[in-house]
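1. 3D model of this:
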Amino acid sequence: MSKCRRVLLIEANDQRRWVGGLVTPEVHIPPVGLMYVASSARMHNPDVHIEILETSLDGRSDEELATKLLEYRPDLVGIRSISLFEDELKRVAELSRSLLDVPIVAGGPIATARRGPLLKTIPAIDLLVVGEGELTFSRLLSGTATNGLVFRQGNEIVDLGDGDVVDNLDELPFPDYSLVDLGRYQEHLSYAYNHRRQGVLLTSRGCPFLCTYCNTFAGKTARLRSAENVVAEMEQMWRDHAIEDFYVVDDIFNMDRKRTEAVFRMIIRLRKNWRLYFVNGLRADIMTRELVDLMADAGTVWVTYAVESGSARIQKLVKKNMRLDQAAEIINYSQDRGMVVNVNTMYGFPTETGADAQQTLDYLARLHMPSLLPYHFCLRGYEGCEIVDQAAEAGWDTSVFLADGTLSYHDMPRGTATFPKSEMMNHVIEYHTRFGMRNQRHLLRSLEVLRENGYTDCDLVDMYSVLQNRPFQHVDEILAGSTPSVKANA
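-> Residues are numbered from 1 along each chain as shown. Reported below is the predicted structural model:
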């Protein structure tokens, strides 16, 4: 593949399926993973021309995607995807194969998790890049790759293991924002459901925690970019692309307190009026009030704390081991500082009962305010996660459990032997009645907090159209289906 000089990188996704809706507003996030791969590939292969395409923006229909493929005429097609979008990966690979006689390479979390079986499921794919892609893909283009690949050899599948990683993340070039149309993304909702020029920040890779429901593809050893490097990227995005809204997608941004504090202090000193959104999850029980104050003073708009369960037994089962009292204190203090605060919780764990799940609702009732958005999800299973083995030990059909990984967040729960479907449905109804968008008191307060944090009426209408999966035209309509008499802490 060393002769490939025109490369098309495709983000194969279906954002409508991700949020489970058919309304006009949609969520679209610049494909920072492919932007990293492109920057590294161009640094090591300066004569290679690369373009990026997202199928849910530029290739929804076969006709539209075919036009893009034939216009660009790449020497190589690289496709990134996740398990949720396996059907879209298959569509893109098969259409590319039918139109172009070029290598088709797939990567991303789905490739790393599925490996050989993915090649058997989608024969149109020639080979997989597994593990982190920057070095492997760059070497693939220069003809020097010796690991990080899975491919066919006759009737056999050859797996060369994960590719090399960059230990010092400061050595990686910044993602290339010239390859995406930021104005186009601004027309759609961001990861935090507002219309902004989005700067997506990945400041670390790997996670030292052992949660069994999570597959950390970057490993269990955390690698952190320096505070100076993170802020330098922000300054470049602000200077070159007029970006003032930064969405952090780390597994856990705050795992190193010293670095976390340094990033916030550097941003405060710059006085840029930037806005920060921690959309993926902070660990609440390792935060402090001082860090929350710095986070707020640095311009943080949006925080997501991942608690998952209010049951001490479930916390131990899934190896989250969250210190729930400390977490509640930090969540309450963050809410008191006026930020948008979301709390991720889940239900449907192996051996979990209705009583265990009720402890999560009781825990949420202790908070000053419920999670601003209803982030209460049914557990999903993915290849490589220890929770799949725990499910097998609990007597689950793991093939069904893994198949549920392709469902959207809005799909209804299946139920388990210890937590039947009828009980699960009652649990979900109680959650949304007490803490969700059916609670008018909470909904009114949520709209107030969002407005205080710079959300426009347009942002709010589009956000709640997506979240409730029905089109709104005015903010007043959002409250129409809520219940005035319900109290969150009832």
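2. ok so residue 329 is a helix residue?
-> Yes - assessed with DSSP: H, G, I helix; E, B strand; the rest coil, residue 329 lies in a helix.
3. What ranges in the stretch 301-450 of the chain fall below the confidence cut-off?
-> Scanning the stretch 301-450 of the chain for pLDDT under 70 picks out 409-410.
4. which residue ranges form the helices in it?
-> Ranges of helices within the stretch 301-450 of the chain are 312-317, 324-336, 354-364, 386-393, 398-403, 421-435, 440-452, based on DSSP state H, counting those that start in this stretch.
5. Show me the contact partners of the second one.
-> Where contact means CB atoms under 8 Å, 6 or more residues apart in numbering, the residues beyond helix 324-336 that reach it are 284-285, 287-289, 292, 295-296, 303, 305, 307, 310, 312, 315, 341, 343, 363, 366-369. In this view, the C-beta of every residue, glycine as well, is placed from N, C-alpha and C.
6. host element of residue 277?
-> Element membership for residue 277, per DSSP states H and E: strand 275-282.
7. Next secondary structure element downstream of that strand?
-> Criterion used, DSSP H and E; the element after strand 275-282 is helix 289-297.
8. So what does residue 196 look like in phi/psi?
-> For residue 196, the backbone dihedrals (degrees, to the nearest 10) come out as phi -150, psi 160.
9. how many neighbours does it have?
-> Residues near residue 196, counting by other CB atoms under 10 Å, number 21.
10. Offset the numbering so it begins at 834, please.
-> Yes, from this point I'll number from 834; that puts the last item at residue 1029.
11. The closest residue to it other than its chain neighbours: neighbour count?
-> Closest residue in space to residue 1029, ignoring its immediate chain neighbours: residue 1078 at 3.9 Å, by CB to CB, 6 or more residues apart in numbering. The tally of other residues near residue 1078 (other CB under 10 Å) stands at 22.
12. before we move on, what about residue 1271?
-> When neighbours are counted by other CB under 10 Å, residue 1271 registers 17.
13. correct me, but residue 1071 touches residue 1107?
-> Yes - using CB atoms under 8 Å, residue 1071 is in contact with residue 1107, at 7.1 Å.
14. higher neighbour count, the two?
-> Using other CB under 10 Å as the criterion, residue 1071 and residue 1107 rank with residue 1107 on top: 21 against 17.
15. so who does that one touch?
-> Neighbours of residue 1107 in contact, by CB under 8 Å, 6+ apart: 1067, 1071, 1077, 1078, 1079, 1100, 1131, 1132.
16. from these, which two are the most distant?
-> Spatial extent of the contacts of residue 1107 (CB to CB) is set by the pair 1071 and 1131 at 14.1 Å.
17. With mean neighbour count as added columns, please give the helices of the stretch 1134-1283 of the chain in TSV.
-> Listed next are those as TSV, based on neighbours: other CB atoms under 10 Å:
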stretch	mean neighbour count
helix 1145-1150	17
helix 1157-1169	19
helix 1187-1197	18
helix 1219-1226	17
helix 1231-1236	14
helix 1254-1268	17
helix 1273-1285	17
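18. these two touch, right, residue 1249 and residue 1189?
-> No - here residue 1249 does not reach residue 1189: they are 11.3 Å apart, not a contact under CB under 8 Å.
19. if I look at residue 1071 and residue 1107, which residues touch both of them?
-> Both residue 1071 and residue 1107 are contacted by residue 1077, under the criterion CB under 8 Å, 6+ apart.
20. Domain ranges for this structure, per the record?
-> Listed by automatic domain parsing, the domain ranges of the chain are 839-992, 1017-1312.
21. Using JSON lines, lay out those domains together with distance to residue 1006.
-> JSON lines is the format used below for the domains of the chain (distance: least, CB to CB, whole Å):
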{"stretch": "domain 839-992", "distance to residue 1006": "4"}
{"stretch": "domain 1017-1312", "distance to residue 1006": "10"}
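22. how about those, which one is nearest residue 1001?
-> Short answer: domain 1017-1312, nearest of these by CB to CB, at 7.8 Å.
23. Figure out how far the closest one is from the centre of its chain.
-> 10 Å (CA atoms, centre = their mean, to the nearest Å).
24. Quick one: end-to-end distance for it.
-> 30 Å (CA to CA, to the nearest Å).
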